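Colleague: can you look at this prediction? I've put the sequence above it.
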Amino acid sequence: MKRFFCLMVSFLFLLPLSACSQPLAEEITFDPEDFTLRERNAADPNAAGHQILDLFDSYFTDADYGGAYFDENGGGLHINIVKGSSQRENIAQFIALADAELEKNGFPPIQTHEVDFSEQELQAQMDRLSEALQDADIPFNTMLLDVQKNRIGVGFEDISSSYQRRVLRHIQSKYVYFFEDGGWEASIGGNPQ
């Protein structure tokens with residue numbers, strides 16, 4: 001009886017732990033030759049980063065990570081890694097191989113950031129929000145998927161708390177932020193001023 005009790009307690013303790021993280025994806029075998037930089041465009045300091053990002057997109061989908069962006073000053077590529085991603089080990093291995101090639105050629109390493117949402121999840125939420133606001137006749141001037149903030153930005157000239165409450169009836173607050181935007185027409189995908 002004591003052994004049965006110990007086994008039950010162990011099982012009950014381990015069960016919640018197994019539900020906390022996603023199982024890891026199957027290990028990817030990367031071809032190091034794929035990482036050889038072919039584009040060396042002095043006019044575009046991010047040319048090497050674009051090549052690495054194209055390669056990254058050939059291995060991973062926007063469901064696997066939270067998007068990517070470049071420093072405004074040409075300081076390199078940033079990739080958002082979703083907390084608990086099943087691809088985290090494969091992404092880490094990819095970045096190590098890419099960083100070695102970037103460093104060898106005098107480029108800055110990839111900067112990674114841990115984020116809450118995949119790009120796919122944010123895009124789906126933004127599509128739903130846009131449709132819901134149009135159906136509810138709630139105006140907005142700009143709606144964008146802000147990869148750096150890992151959120152959806154909603155821009156309008158009046159972002160009062162009552163306006164925000166109206167919008168938040170259609171989306172969870174964890175996905176969205178508001179900014180003042182005095183533009184005249186609704187647009188999707190622009191950048192906040």
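Modeller: Perfect, thanks for sending it. Numbering: from 1, shown residues only.
Colleague: let me see the contact set for the residue most central in space within the chain.
Modeller: Here the mean C-alpha position of the chain is nearest to the C-alpha of Gly66 (Cα atoms, centre = their mean), at a distance of 1.2 Å. For Gly66, the residues meeting the contact criterion (Cβ atoms under 8 Å, 6 or more residues apart in numbering) are Asn80, Ile81, Val82, His113, Val115, Asp116, Phe117, Ser118, Glu119, Leu122, Val147, Asn150. Where you see a C-beta, it was placed from the backbone N, CA and C, and this is true even at glycine.
Colleague: dump the residue contacts of Glu119.
Modeller: For Glu119, the residues meeting the contact criterion (Cβ under 8 Å, 6+ apart) are Asp62, Ala63, Tyr65, Gly66, Gly67, Asn80, Leu145, Val147.
Colleague: just to revisit the earlier point, any idea how far the residue nearest to the centre of the chain lies from Arg88?
Modeller: For Gly66, the distance to Arg88 equals 12 Å [Cβ to Cβ, to the nearest Å].
Colleague: who touches both of the two?
Modeller: When Cβ under 8 Å, 6+ apart defines a contact, the residues bordering Gly66 and Arg88 alike are Ile81.
Colleague: where do the strands of this protein begin and end?
Modeller: Counting by DSSP state E, the segments of the chain that form strands are 68-70, 77-82, 111-115, 142-146, 151-156, 176-180, 187-188.
Colleague: so which of these comes closest to Glu27?
Modeller: Go through the strands of the chain one by one with Cβ to Cβ and the one that ends up closest to Glu27 is strand 77-82, at 16.8 Å.
Colleague: surely Asn105 and Ala47 touch.
Modeller: No. No contact is recorded between Asn105 and Ala47 when judged using Cβ atoms under 8 Å, the distance being 10.7 Å.
Colleague: ok, those two, which is more surrounded?
Modeller: Ranked by neighbour count (other Cβ atoms under 10 Å), Asn105 and Ala47 place Ala47 first, with 16 against 11.
Colleague: gap between the more buried one and Arg151?
Modeller: 29 Å.
Colleague: tell me where the model's unsure across the protein.
Modeller: Residues of the chain meeting the criterion pLDDT under 70: 1-24, 39-43, 45, 74, 183-193.
Colleague: tell me where it has helices.
Modeller: Secondary structure of the chain (DSSP state H): helices at 2-20, 47-59, 88-104, 119-135, 161-168.
Colleague: which residues are in contact with stretch 165-180?
Modeller: Contacts to stretch 165-180, defined as Cβ under 8 Å, 6+ apart, come from residues 116-117, 122, 125, 128-129, 132-133, 136, 138, 140, 146, 149, 151-157, 159, 163-164, 192.
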